[in-house]
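Participant: Below are the sequence and a predicted model; questions follow.
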Amino acid sequence: MLKIQLSIRIEKPFVSLVSKQWLRQAVKLTLVYTGISSPVELGLVIAGDETVHELNRSYRSVDSTTDVIAFALSERGAKAEPFVMPPDDVIHLGEVIISYPRAKRQAEEQHHHLERELALLVAHGVLHLLGYDHELPEQEQKMRAIEARVLDAIKTI
């Protein structure tokens with residue numbers, strides 16, 4: 001059974017608007033569909049545009065908000081070394097930060113539920129923590145396939 005240490009923080013204006021259970025399911029499904037079986041630890045933050053904008057400006061030198069930012073604790077791309085198990089046998093992935101207002105706008109634009117958009121952004125962010133990228137078409141195809149599986153599975157829950 002997959003062990004996940006997941007810290008979820010939701011900024012005050014959004015606390016009553018987001019289901020932590022939904023977020024946990026999206027994280028778990030993403031990890032399952034990537035084949036992760038080792039214990040993992042990660043953080044997930046649901047924030048406002050201002051917070052995400054500041055993080056994007058400070059850490060990526062992009063002076064605008066975005067829908068999701070992932071801060072991996074180590075690089076896990078194709079050129080990176082395989083996972084190294086720390087002494088506690090837990091893979092420490094990093095943190096995913098999602099803009100609630102941006103997710104809401106995107107859900108409205110796509111004519112689907114906010115929960116679906118949040119699940120998509122969670123999956124996208126977790127995949128980045130695991131080293132997935134979408135710069136090349138074949139990389140993007142892999143990410144989109146996993147995201148689609150997560151969305152298909154979570155809608156039945």
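Facilitator: Received, thanks.
Participant: show me where pLDDT drops low in the chain?
Facilitator: 75-88, 156-157 (pLDDT under 70).
Participant: in it, which spans are strands?
Facilitator: Under the criterion DSSP state E, the chain carries strands at the ranges 4-10, 40-47, 68-72, 91-99.
Participant: Give me the helices and strands touching the first one, please.
Facilitator: Which is strand 4-10. Contact here means 3 or more C-beta pairs under 8 Å, 6 or more residues apart in numbering; DSSP states H and E; on that basis strand 4-10 packs against helix 20-33, strand 40-47. C-betas here are computed from N, CA, C, even on glycine.
Participant: Next up, the contacts around residue 143.
Facilitator: Residue 143 makes contact with 124, 127, 132, 133, 134, according to C-beta atoms under 8 Å, 6 or more residues apart in numbering.
Participant: Mind checking which of those residues are buried?
Facilitator: By the neighbour-count criterion of 16 or more other C-beta atoms under 10 Å, the contacts of residue 143 include these buried positions: 124, 127, 132.
Participant: So for the protein, the centremost residue is which one?
Facilitator: Among the residues of the chain, residue 125 comes closest to the average C-alpha position under C-alpha atoms, centre = their mean, at 2.7 Å.
Participant: so how far is residue 7 from that residue?
Facilitator: Summarising the geometry, the distance separating residue 125 from residue 7, computed by C-beta to C-beta, to the nearest Å, is 14 Å.
Participant: need the longest helix for this structure.
Facilitator: Selection of the longest helix in the chain by residue count, based on DSSP state H, yields helix 137-154.
Participant: Let me know which of the strands of the chain is the nearest to residue 25.
Facilitator: Closest to residue 25 of the strands of the chain, according to C-beta to C-beta: strand 4-10, at 10.7 Å.
Participant: The closest one vs strand 40-47, what angle?
Facilitator: Here the directions of strand 4-10 and strand 40-47 differ by 10 degrees (axes from the mean of the first three to the mean of the last three C-alpha atoms, to 10 degrees).
Participant: So for strand 4-10, what gets flagged as buried?
Facilitator: Of the residues in strand 4-10, those buried under the neighbour-count criterion (16+ other C-beta under 10 Å) are 4, 6, 10.
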